[in-house]
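Peer 1: pasting a predicted model and its sequence here:
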Amino acid sequence: APHTDLSRRDWRTGRRTTHTFILYLKDPARDIADGAHGGGETVLLESLKGDDLAKVTPIRGRLFVFPHDCPHKALPVEQ
């Protein structure tokens, strides 16, 4: 479901997080041993009810960073 992420506050410093980090640990398109055949993309949205802006394909080892307030959704992994 489309959503934005919440920030976290460090109780020691009072500083808040500003960005979301996604580290892809699997590559569904290539991980045949798990029976997956693709999907699992992260889609950045114009707004919570808006159009797609970009689609990020999961690739093992890829680090994807974006601001917490950027609307996004995850697509299901295809089996």
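Peer 2: All right, it came through fine.

Peer 1: give me the buried positions along stretch 57-72.
Peer 2: Within stretch 57-72, the residues that qualify as buried are 57-58, 64, 66, 71-72, counting by 16 or more other CB atoms under 10 Å. Bear in mind the C-beta positions are built from the backbone N, C-alpha and C, glycine included.

Peer 1: give me the subset of these that lies in helices.
Peer 2: The helices, defined by DSSP state H, take in nothing from the buried residues of stretch 57-72.

Peer 1: may I see those residues arranged in a markdown table, with distance to H19 as well?
Peer 2: Below are these laid out as a markdown table (distance: CB to CB, whole Å):
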| residue | distance to H19 |
| --- | --- |
| T57 | 20 |
| P58 | 18 |
| F64 | 10 |
| F66 | 7 |
| P71 | 14 |
| H72 | 12 |
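
Peer 1: which one of these is nearest R9?
Peer 2: F66 (19.6 Å; CB to CB).

Peer 1: could you find the closest non-adjacent residue to that closest one?
Peer 2: Using CB to CB, 6 or more residues apart in numbering and skipping the chain neighbours, the partner closest in space to F66 is T20 (5.8 Å).

Peer 1: model confidence for V77, exactly?
Peer 2: At V77, the model reports a pLDDT of 83.

Peer 1: and what of D52?
Peer 2: For D52, the predicted pLDDT is 96.

Peer 1: distance of the nearest residue to it once chain neighbours are set aside relative to T17?
Peer 2: Spatial nearest neighbour of D52, excluding adjacent residues (CB to CB, 6+ apart): V43 at 5.3 Å. Counting by CB to CB, to the nearest Å, the separation of V43 from T17 is 22 Å.

Peer 1: turn the buried residues of stretch 57-72 into a markdown table, columns for pLDDT and distance to L6.
Peer 2: Converted to a markdown table, these look like this (pLDDT from 0 to 100; distance: CB to CB, whole Å):
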| residue | pLDDT | distance to L6 |
| --- | --- | --- |
| T57 | 92 | 26 |
| P58 | 92 | 23 |
| F64 | 97 | 18 |
| F66 | 97 | 14 |
| P71 | 98 | 13 |
| H72 | 97 | 13 |
